[in-house]
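Asker: Sequence plus predicted model, see below.
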Amino acid sequence: MPLRRTEQVSDRYRGLDTWQDDAILTAMLQGQASAVATVQRALPALSVAASDIVGRYESGGRLIYAGAGSSGVIARLDALELPGTYGIPSERIVTLIAGGEESLRCLNNGAEDDREEARSAIEPLELTKQDSVIGISASGSTPYVLAVMEAARAASALTLGMACNADAPLLKLCMHEVLLDSEPEVVAGSTRMNAGTAQKCALNLLSTLVAIRLGHVYDGMMVNLQAENSKLKERATDIVTRASGVDALTAGQYLEETGGAVKPAILMGAGVRSARDADALLWSVKGNLRRALEVNAEGTEGSAACRTDEKKEEANKDQGKKEISHG
């Protein structure tokens, strides 16, 4: 059986430990840059997968990550950022990592072979076809991850496999295959380097595209952020100001009325009468701010047209009265 690409020893790095520091650092940096470049070839697969994930999420599904070792840690990092950055509820995001939560303190490398632990972790989730399960494994053959994805497949959930070896079992198992064909590591088998960088990049792209398609980004701004500290409160005020054209003081007032929620505050800046009306409008368009602004603008134009027609009608009535009185 040929040696997996992620385990290969490259002749390019023969004598690495005798090189000068700057030469070693340059080699590692080049490896990282090459790893990011490999994600380019995975963009079509990421695009299709994101569309599928959005559809299932909007039907009530969850986003579930599964990984072991460095891949599990990278998956958890991506998942942890989504609630604060894009307002995706934490209860709709799950991360399964071999060895459990303890592996986030001290990696349990032996746990990645434990299929039974994987089955015990996935069973209580009671997966449905609305859920999306993302399995991350540099080798693409990690038993823990494979067991999770087998359970997800059996439940008809969406399955996405992300691996750095072509023909990996993980890719063959899943409906969405994301191959990150990174070069052999500078330090053979140290997949927290090239492979890990490619995985982090791909997950960033995937989850951000999902958030954009869910309507949580407007003109490059995170309009569904959770303003939980002073920096984020300032950012929220700036976003409302930029998106609606109101001044910072007014933006702050609207944010107070909406409990810090940016989208309804922007709608109030655009003329929606109250936070309650803004929430109702957002609900009607599944939280998509751009669509909500379009609907509000259409309503405003319609109201303006009605007021113009009413004024014309009143003017015609007055003219009619004058003609009668003169007659």
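Answerer: Great, that's in hand. Since the structure is predicted, the reported quantities are computational estimates derived from the model, not experimental observations.
Asker: name the element the most centrally placed residue in the chain belongs to?
Answerer: Note on the chain: the residue nearest the mean C-alpha position is residue 207, at 2.4 Å, using CA atoms, centre = their mean. Using DSSP states H and E, residue 207 maps to helix 194-213.
Asker: partners of the following helix or strand past that helix in the sheet?
Answerer: Using DSSP H and E, the helix or strand that directly follows helix 194-213 along the chain is strand 217-218. Here strand 217-218 has these sheet partners by DSSP bridges: strand 221-222 (antiparallel).
Asker: quick one: contacts of the strand it pairs with?
Answerer: 85, 86, 216, 235, 239, 242, 243 (CB atoms under 8 Å, 6 or more residues apart in numbering). Yep, even glycine has a C-beta here, placed from its N, CA and C like the rest.
Asker: so which of the residues you listed comes closest to residue 187?
Answerer: When the contacts of strand 221-222 are ranked by distance to residue 187 (CB to CB), residue 85 comes first, at 32.3 Å.
Asker: what's the spacing between the closest one and residue 237?
Answerer: Distance, residue 85 to residue 237, using CB to CB, to the nearest Å: 17 Å.
Asker: again, but for residue 59
Answerer: Relative to residue 237, and taking CB to CB, residue 59 is found at 34 Å.
Asker: Comparing the two, which residue is more hemmed in?
Answerer: With neighbours defined as other CB atoms under 10 Å, residue 59 and residue 237 compare such that residue 237 has more, 22 against 11.
Asker: what's the span of stretch 189-198 from first residue to last?
Answerer: Counting by CA to CA, to the nearest Å, you get 15 Å between the two ends of stretch 189-198.
Asker: make that stretch 173-186, sorry
Answerer: End residues of stretch 173-186 are separated by 29 Å (CA to CA).
Asker: i'd like the first residue to be 479 from this point on
Answerer: From this message on, residue numbering opens at 479, which makes the last subject stretch 651-664.
Asker: Can you list the buried residues in it?
Answerer: Along stretch 651-664, these residues count as buried under the neighbour rule (16 or more other CB atoms under 10 Å): 651, 652, 654, 655, 656, 657, 658, 660, 661, 662, 663, 664.
Asker: ok, the residue nearest to the centre of the chain to residue 528 distance?
Answerer: Remark: distance between residue 685 and residue 528 (CB to CB) = 9 Å.
Asker: again, but for residue 514
Answerer: 19 Å.
Asker: okay, these two: which has more neighbours?
Answerer: residue 528 (23 against 16).
Asker: hey, where'd the helices end up in the stretch 579-728 of the chain?
Answerer: For the stretch 579-728 of the chain, the helices defined by DSSP state H, counting those that start in this stretch cover 593-600, 621-632, 647-651, 672-691, 708-722, 726-735.
Asker: Quick check: which of the ones you listed is nearest to residue 757?
Answerer: Closest among these, once you apply CB to CB, is helix 726-735, at 11.0 Å.
Asker: what's in contact with that closest one?
Answerer: 705, 711, 714-716, 718-719, 722, 724, 739-740, 742-743, 746-747, 752-753.
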